[in-house]
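*Asks:* Return atomic coordinates for the entry below.
(one chain, ligands or ions: 2)
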Amino acid sequence: MASRSFTINVPATSANIGPGFDVVGLSLTLHLTLAVSYPLLPPTHSYVHPTITYSGEGVNEVPLSAYKNLTTRVALYVLRCHDIRSFPSHLVIHVDNEIPFGRGLGSSGAAVIAGVLLGDTIGKLNLSTGRLLDFALMVERHPDNVTAALVGGFVGSYLKELDEEASEAASVPLSEVLPEYPPDADEDWGLNPPVPPFGIGHYVRFPCSESIRAIAIIPRFELSTAKAREVLPTQYSRKDLAFIRRRQVFNLQRLAVLTTALGQSPPDPELIYEAMKDRVHQPYRKSLIPGLPEVTTSITPASHPGLLGICLSGAGPTILALATGGFEAIAEDARKIFESFGISIDWKVLQVAGGSLVQENVN
Ligand SMILES: Nc1ncnc2c1ncn2[C@@H]1O[C@H](COP(=O)(O)OP(=O)(O)OP(=O)(O)O)[C@@H](O)[C@H]1O
Ligand SMILES: N[C@@H](CCO)C(=O)O
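*Replies:* Numbering: from 1, shown residues only. Ligands and ions are numbered 1, 2, ... in the order given. Predicted coordinates for the structure are as follows:
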């Protein structure tokens, strides 16, 4: 019997890189991989729901129903926006995941991008990179992780200001974009989801020196992005405004330098260490990550040759150290500091990854 099979490979990402809160992301060599197959059956054949198997990070947490799993719900959203009501019959997906959940390494962004690519590939939609990003941004509403996961490298992005109608379309509650389907739902359930406006996200890839490695120092506890965003202030008093403006200027100055400094050869540690400092999100998040300020201030290029800069990775709790050498000393000294706060860590030396890949197998 004729069949179709393909794989989808999506990298982990570290967002913010210090001053670029919700703006920049860096793709890293840990991957979420989907191996997908289904027989090409005549439409008259009786329908069999998808089967998901899963290995790796998150194995004990992730739902294996295609109507509850984040990746497959996103895929179904993309398909239904293109008038394709259901997954192909007898769809089999094996997921292998190297990206730990809730650690600031873009696991949810990778799951969303995998879902967008899954919908695009199953439906043979041939969506452009920009359109794939529109779909991803209807689900994960800050662009830093999803853009870097999709296109790879060191990436900056902004969200376009939309007109009133498009803004409304782009701000529907997530539960309407991605409903969880009741187990007995027929294929008409949850039809006509909100189609994304065109051109929500725009990006540019910055240069990044090939000598740079990323040390991910990963505390052994999860911190959801939602919780790490709750500690950020939503309102400021008039008295605070000048203080906030100074903090924003502090970050903008550093981000402007960082986007070029990481591309220089050899990279300049003095320039980059200062350019990876942040005053917009990390000060608020330190209450959730004991040891964060101690690690980022006591590990410096002077004390640890090879270090370029150090910051919180995404919403945390992982710490990202960019370096050209001295990896073990950086990570083991971070371990000692975290252990003095009662926190165990794991660490990995990663490279900057390429973007997501879909490979169709020829049977
Ligand atoms: N491969 C996956 N399949 C299904 N759900 C996933 C997958 N990866 C992540 N998730 C969901 O995303 C949640 C983690 O998302 P969250 O945004 O809190 O953290 P993160 O994406 O790992 O970190 P950050 O956004 O700071 O980089 C998981 O608890 C899980 O519900
Ligand atoms: N920019 C986001 C990344 C986490 O997903 C944040 O820091 O909350």
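
*Asks:* Beta-bridge partners for Gly56, please?
*Replies:* Legend: beta-bridge partners of Gly56 under DSSP bridges are Asn97.

*Asks:* which residues touch it?
*Replies:* Val95, Asp96, Asn97, Glu98 (Cβ atoms under 8 Å, 6 or more residues apart in numbering). Backbone N, C-alpha and C define where each C-beta goes, glycine included.

*Asks:* among the residues you listed, which are in reach of ligand 1?
*Replies:* Asn97 (Cβ under 6 Å from any ligand atom).

*Asks:* Show me which pair in the contacts of Gly56 is furthest apart.
*Replies:* Val95 and Glu98 (10.9 Å; Cβ to Cβ).

*Asks:* more neighbours, these two?
*Replies:* Val95 (24 against 18; other Cβ atoms under 10 Å).

*Asks:* Please name the nearest non-neighbouring residue to the more buried one.
*Replies:* Excluding the flanking residues, the one nearest Val95 by Cβ to Cβ, 6 or more residues apart in numbering is Tyr54, at 4.6 Å.

*Asks:* and the one you found, what does it touch?
*Replies:* Contacts of Tyr54 (Cβ under 8 Å, 6+ apart): Val62, Leu64, His94, Val95, Asp96, Asn97.

*Asks:* Same check on Ala35?
*Replies:* Residues counted as contacts of Ala35 (Cβ under 8 Å, 6+ apart) are Ser5, Thr7, Ile93, His94, Asp96.

*Asks:* Which positions within stretch 337-350 qualify as buried?
*Replies:* Going by neighbour count (16 or more other Cβ atoms under 10 Å), the buried part of stretch 337-350 is Ile337, Phe338, Ile343, Ile345, Trp347, Lys348, Leu350.

*Asks:* Tell me what Val358 is bridged to.
*Replies:* Here Val358, judged by DSSP bridges, has bridge partners Ile8.

*Asks:* Packing partners of the one helix or strand Ser175 maps to?
*Replies:* Using DSSP states H and E, Ser175 maps to helix 174-177. With contacts taken as 3 or more Cβ pairs under 8 Å, 6 or more residues apart in numbering; DSSP states H and E, helix 174-177 sits against helix 129-139.

*Asks:* Tell me which residues of the helix it packs on come out buried.
*Replies:* So for helix 129-139, counting by 16+ other Cβ under 10 Å, buried means Arg131, Leu132, Leu133, Asp134, Phe135, Ala136, Leu137, Met138, Val139.

*Asks:* again with stretch 76-93
*Replies:* For stretch 76-93, the buried set under the neighbour-count rule, 16+ other Cβ under 10 Å, comprises 76-81, 84, 86-93.

*Asks:* Run the chain-centre distance for that stretch.
*Replies:* Between the centre of stretch 76-93 and the centre of its chain there are 23 Å (Cα atoms, centre = their mean, to the nearest Å).

*Asks:* End to end on that stretch, go ahead and measure it.
*Replies:* 14 Å (Cα to Cα, to the nearest Å).

*Asks:* Quick check: residues of the stretch 1-150 of the chain near ligand 2?
*Replies:* By Cβ under 6 Å from any ligand atom, the residues of the stretch 1-150 of the chain that approach ligand 2 are Ala15, Asn16, Phe21, Asp22, His142, Asp144, Asn145.

*Asks:* Kindly reformat the residues you listed as TSV containing secondary structure, neighbour count and distance to ligand 1.
*Replies:* As requested, these are arranged in TSV below (DSSP: H, G, I helix; E, B strand; the rest coil; neighbours: other Cβ atoms under 10 Å; distance: Cβ to the nearest ligand atom, whole Å):
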residue	secondary structure	neighbour count	distance to ligand 1
Ala15	strand	30	6
Asn16	coil	30	9
Phe21	coil	22	12
Asp22	coil	18	11
His142	coil	22	8
Asp144	helix	27	9
Asn145	helix	32	5
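
*Asks:* Hmm, which of these is lowest in pLDDT?
*Replies:* Of all those, His142 carries the smallest pLDDT score, 92.

*Asks:* In the stretch 101-250 of the chain, where is pLDDT below threshold?
*Replies:* Counting by pLDDT under 70, the stretch 101-250 of the chain has low-confidence residues at 182-191, 236, 238, 240.

*Asks:* tell me which parts of it are close to ligand 1?
*Replies:* So the stretch 101-250 of the chain meets ligand 1 at 101-109, 111, 145, 224-225 (Cβ under 6 Å from any ligand atom).

*Asks:* Leu127 falls within a strand, correct?
*Replies:* No - going by DSSP: H, G, I helix; E, B strand; the rest coil, the assignment for Leu127 is coil, not a strand.
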